[in-house]
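Chemist: give me a model of this one.
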Amino acid sequence: MCEYFCKQKQNNPIIAIFDRDEPDLFKRFHDETTGFKSWNNGVYSFAIPIPQHRKDNHYICIEFYYKDEEIKRYDNEGRRLFLSNEFNPNSGRHNTDRDLVTQETKKIKNNKNNEIKIIDSNVFDSNDKNVALSKDNFANYILQESDNFNDFDFKPFLEIFDVIDRISKHHEENIKSEHIAD
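Modeler: Presented below is the predicted three-dimensional model:
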């Protein structure tokens, strides 16, 4: 999309925001020196900054802007998001609740850098009921301020808005310099 939109001059900046959990793609849409990539013509992209409480994790997705205790909250149906480090990489069994097992062992085993991943599917209890909460449902619960999801800390998200602010300023400077050149 960035490659497509940068072919024409954009009056308002177009900003694409990406998770950091795909390191191969990361280099294509992010410049670590500026904190964002300019594709020219008012098109920008960046990977979400690593929040203070996740400094040991480099390949994060947006859900990691929440603290672990927020991520692990249960919905009214007994479902929740899980973290990959909660499971044994060989058996897929939960480390503390032995009745839970995940089929997402690939996410755990293919973890070269010991990075924690979100597991939002294929976690089953002893009755073969999937107890994993999808990322979409998690986000909707927060948006709707549902029970148990209505008191989250959003301060880490300010870092994203700081990058957007820097991009906006960069875009305004480019527009001013173009008008001076004309």
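Chemist: name the helices or strands packed onto the helix or strand hosting K176?
Modeler: Element membership for K176 (DSSP states H and E) is helix 158-181. Under the contact criterion of 3 or more C-beta pairs under 8 Å, 6 or more residues apart in numbering; DSSP states H and E, helix 158-181 touches strand 14-18, strand 43-47. C-beta here means a position set from N, CA and C on the backbone, and glycine is covered the same way.
Chemist: need these in CSV (columns: mean neighbour count and mean pLDDT).
Modeler: Shown next, in CSV, are these (neighbours: other C-beta atoms under 10 Å; pLDDT from 0 to 100):
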stretch, mean neighbour count, mean pLDDT
strand 14-18, 16, 96
strand 43-47, 24, 97
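Chemist: which among the ones you listed is found nearest to N122?
Modeler: Closest to N122 of those is strand 14-18 (C-beta to C-beta; 24.6 Å).
Chemist: following the helix or strand of the chain with the lowest mean pLDDT, which helix or strand shows up next?
Modeler: One helix or strand of the chain scores below all others by mean pLDDT, DSSP states H and E: helix 105-109, with a mean of 71. On the C-terminal side of helix 105-109, the closest following helix or strand by DSSP H and E is strand 118-119.
Chemist: next, count neighbours for I175.
Modeler: I175 has 14 neighbours, counted by other C-beta atoms under 10 Å.
Chemist: my bad, should have said D147
Modeler: 11.
Chemist: so where does the closest residue to it other than its chain neighbours fall, helix or strand?
Modeler: Spatial nearest neighbour of D147, chain neighbours left out: N76 (6.3 Å); criterion: C-beta to C-beta, 6 or more residues apart in numbering. Under DSSP H and E, no helix or strand contains N76.
Chemist: N76: what's it in contact with?
Modeler: Contacts here follow C-beta atoms under 8 Å, 6 or more residues apart in numbering; on that basis N76 touches 146-148.
Chemist: pick the one among those residues closest to N57.
Modeler: Distances from N57 to the contacts of N76, taken by C-beta to C-beta, are shortest for N148, at 24.4 Å.
Chemist: I would like the residues contacting stretch 54-61, please.
Modeler: By C-beta under 8 Å, 6+ apart, stretch 54-61 touches 19-23, 48, 50, 64-65, 113, 115-116, 118, 135.
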